[in-house]
Every structure is written in C-alpha cells, then in structure tokens.
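# Sharing a model that was predicted from the sequence below.
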Amino acid sequence: MSEQAASIAALIWSPFPDQDSALAAINALLDEGLAACGNLMPGMTSVFVWNGVKDTAQEQGLLVKTNAALLDAAVARLTELHPYEEPAVLGWRCDTGAPGTLAWLASIGTGTGSI
C-alpha cells in the first residue's frame, strides 16, 4: 500500500435489505483489514427504478470508512458479500478530513487500528 494513498480517506455507500446482512458485511470488511468503521443507518426508505419498474423498499444504509489504497479491494469485497444480485456499491476518495481521522484511516492494514 502506498503511504500517499493510505493517507487519503475513502468512503463506501451501499443500501442493504436488513441489519443482519449489513452487520455481516461490515464485520467481514473489518476482520479482513479493508475498513476501519461502518455506520448503519436504519429505517431508510429507498425509492428507485429497477428493470423499468418504480418501487419502494425499507433498507439499511451502510457507510464504510477506509482509505484510498484499500478502496477498490473493499468495494469488490463488499459487492461479493452483498445479498442483492446487483448491489448498489459506490466508493469515493475524500478531498479532506480531520487530521486524526486521516491518521486513523491510514493505519488500516498496518495492524495498529488506532491513532
């Protein structure tokens, strides 16, 4: 992992059908060293068009905190773990962050896991 990429924060967003599947996914990412934290947002109502049909579903939002060096691997792994056939998984690099947060996220994969 490049030191420069590790110092850039990254986030991943994905809706899940229920809390259990979202918790299983974030726990796997944490155990595999691909993320530092996951935030579940319960009670989310999603309104969407899928296969030409408009629908509404109750979902759990999952926001994952990682670093840019791990972003592609974390997105790929989250996609594998996701229970949906075609999950919505979006990842992006963050332009800025609090120094302590950036240091914490840079420590992912180093075995320290803390600032």
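Yes, it's here.
# three-state assignment of the residue most central in space within the chain?
When Cα atoms, centre = their mean is applied to the chain, the residue found nearest the centroid is V64 (2.9 Å). On the three-state scheme (DSSP: H, G, I helix; E, B strand; the rest coil), V64 is labelled strand.
# Please name the nearest non-neighbouring residue to it.
I12 (4.0 Å; Cβ to Cβ, 6 or more residues apart in numbering). In short, each C-beta sits where N, CA and C put it, glycine included.
# from what I can see the one you found touches L90, true?
Yes - counting by Cβ atoms under 8 Å, I12 touches L90, with 6.9 Å between them.
# With neighbour numbers in mind, choose between those two.
Neighbours per residue, other Cβ atoms under 10 Å: of I12 and L90, the larger number sits with I12, 25 against 9.
# Doesn't that one lie inside a strand?
Yes - using three-state DSSP, the assignment for I12 is a strand.
# contacting residues around it?
A35, L62, L63, V64, T66, L71, A74, V75, L78, V89, L90, G91 (Cβ atoms under 8 Å, 6 or more residues apart in numbering).
# The last one bridge partners, please.
Using DSSP bridges, the beta-bridge partners of G91 come out as I12.
# In this structure it contacts A73, no?
No - look at G91 against A73 with Cβ under 8 Å: they stay out of range, at 10.2 Å.
# Of those two, which one has the most company?
The residue with more neighbours, out of G91 and A73, is G91; 19 against 16, by other Cβ under 10 Å.
# pLDDT value on that one, please?
pLDDT, G91: 98.
# what sits against it?
Going by Cβ under 8 Å, 6+ apart, G91 touches A10, L11, I12, W13, L71, D72, A74, V75.
# please redo it, this time with the cut-off set to 10 Å
In this structure, G91 makes contact with 10-14, 64, 66, 68, 70-72, 74-76, 78, judged by Cβ atoms under 10 Å, 6 or more residues apart in numbering.
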